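Chemist: no FASTA, just this:
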DNA sequence: TAACAAAAATAGGCGAGGCTAACAATGTCT
DNA sequence: AGACATTGTTAGCCTCGCCTATTTTTGTTA
């Protein structure tokens, strides 16, 4: 695939994001964004320049090449996907969802990513973003109370009726 | 927390697993298990010895200290949890589920892990391992066909009945 | 017991990604 | 235009996790 280290991918994504919000990306911004010192940025960027993913003139601004841009977009798309899984399914708050997404994005296999895509698509189809069972899960996470029926979406034993919330 | 690098955690887990299956762990076994050469193992192990997680006499077998054992167990428990999520929820095959679990285990936050635990517990409570919606999801993954009802577990619009499979 | 095979350890090197300190270029402001 | 602050670069060092080549120890076997 991209053959980049996890860390280089982080740099690429950060450049893309900074470009969106500030129009222009400087070493200093990148350093702050990634929690690192300037010389570290210079070092990593120089590798990305050699890989043809980043452009920068001496003492100038940093930008993505078309290839770098394409790659960054796809990395961010994957990250966003993961974040929405963590946020919407597991009910993590946005910040923590983003943190997990960013950390994990480098390490999941393509099939795993596809399955998560499927999972989210499934949610959208099945209840426009929030099927009953997911509401039940959220309730379970918050309160520890078991879901209101024995088998989500199935006839309750005993009275032969479905539970009300279902 | 444990303050170990991801790679050191891998070594610790590998020692634990080899100890279970072979009773005795040698540098050579560990090297093979981790896809690495002996001197690399010697180097990493020497760090783990200094951290008090591993015991080894000169030219002798490798074993976990009580602290190392405790840590390894908890790491493996987390990994197993992730694997079962990937396998049971996302329907990845065992090998790929294990690969993803092993890679990701180092990077998720505690809360995220807890949520996954909750998710799996929820599944167990809600349908003894496989609620209807999960069957629907698996079907969706395999065939691309949308779930049989508009809103899993809810009355279908139109005829006022639930779909048959639900 | 001496010789040899197998395994572990050491020596020394490499690249990635960090750091600090020092230096060079740029931009701004009077 | 000159002075100074800001920012980028270079130099040089560190740790980690990997490697190959070599040496040391251990274990086996004639």
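Modeler: All right, it came through fine. Keep in mind that this is a model prediction, so the values were computed, not measured. Numbering: from 1, shown residues only, chains lettered A, B, ... in the order given.
Chemist: ok, now which ones touch residue A:27?
Modeler: Applying Cβ atoms under 8 Å, 6 or more residues apart in numbering or on different chains to residue A:27 gives the contacts A:38, A:41-42, A:45, A:62. Any C-beta I mention is one placed from the backbone N, CA and C, and that applies to glycine too.
Chemist: same check on residue A:105?
Modeler: A:9, A:75, A:78-79, A:82.
Chemist: what's the distance between it and DNA strand D?
Modeler: Distance of residue A:105 to DNA strand D, computed by Cβ to the nearest atom of the strand, to the nearest Å: 20 Å.
Chemist: same check, this time on residue A:132
Modeler: 45 Å.
Chemist: count of neighbours near that residue?
Modeler: Residues lying near residue A:132 (other Cβ atoms under 10 Å in any protein chain shown) number 22.
Chemist: same deal with residue A:50?
Modeler: Using other Cβ under 10 Å, the number of residues around residue A:50 comes to 9.
Chemist: can you pull the residues of chain A lying near DNA strand D?
Modeler: A:26-28, A:31, A:38-39, A:42-43, A:45-46, A:56, A:58-60 (Cβ under 7 Å from any atom of the strand).
Chemist: those residues in strands, which ones?
Modeler: Counting by DSSP state E, the residues of chain A next to DNA strand D place residue A:56 in strands.
Chemist: OK, contacts around residue A:72?
Modeler: Residue A:72 sits in contact with A:12-13, A:15-16, A:64, where contact means Cβ under 8 Å, 6+ apart.
Chemist: tell me if it really is in a helix.
Modeler: Yes: per DSSP: H, G, I helix; E, B strand; the rest coil, residue A:72 lies within a helix segment.
Chemist: element containing the closest residue to it other than its chain neighbours, please.
Modeler: The spatially closest residue to residue A:72, leaving aside those adjacent along the chain, is residue A:16, at 3.8 Å (Cβ to Cβ, 6 or more residues apart in numbering or on different chains). Using DSSP states H and E, residue A:16 falls within helix A:6-22.
Chemist: quick one: mean pLDDT for that helix?
Modeler: The average pLDDT within helix A:6-22 is 95.
Chemist: so does that helix get close to DNA strand C?
Modeler: Yes: taking Cβ under 7 Å from any atom of the strand as the criterion, helix A:6-22 and DNA strand C are in contact, through A:6-8.
Chemist: which one of these has the most neighbours?
Modeler: Result: residue A:8 is most packed of the residues of helix A:6-22 next to DNA strand C (other Cβ under 10 Å), 19 neighbours.
Chemist: wait, it sits on residue A:46?
Modeler: No: using Cβ atoms under 8 Å as the test, residue A:8 is too far from residue A:46 to be in contact (11.3 Å).
Chemist: assign residue A:91 to helix, strand or coil.
Modeler: Residue A:91 falls in the coil class when you classify it by three-state DSSP.
Chemist: distance of it from residue B:20?
Modeler: 36 Å (Cβ to Cβ, to the nearest Å).
Chemist: so those two - more neighbours on which side?
Modeler: Remark: of residue A:91 and residue B:20, residue A:91 carries more neighbours, 17 against 10, as counted by other Cβ under 10 Å.
Chemist: tell me the pLDDT at that one?
Modeler: At residue A:91, the pLDDT value in this model is 90.
Chemist: tell me which residues touch it, please.
Modeler: Here residue A:91 is in contact with A:137-138, A:141-142, B:115 (criterion: Cβ under 8 Å, 6+ apart).
Chemist: report the buried residues of the helix or strand of chain A with the lowest mean pLDDT.
Modeler: Lowest on mean pLDDT, DSSP states H and E among the helices and strands of chain A sits helix A:132-143, with a mean of 76. If you call a residue buried by 16 or more other Cβ atoms under 10 Å in any protein chain shown, then helix A:132-143 has these buried ones: A:132-141.
Chemist: right, is that helix up against chain B?
Modeler: Yes: if you take Cβ under 8 Å from any Cβ of the partner chain as the test, helix A:132-143 does meet chain B, through A:132-133, A:136-137, A:140-141.
Chemist: chain center to stretch A:85-98, what's the gap?
Modeler: Computed by Cα atoms, centre = their mean, to the nearest Å, the separation of stretch A:85-98 from the middle of its chain amounts to 9 Å.
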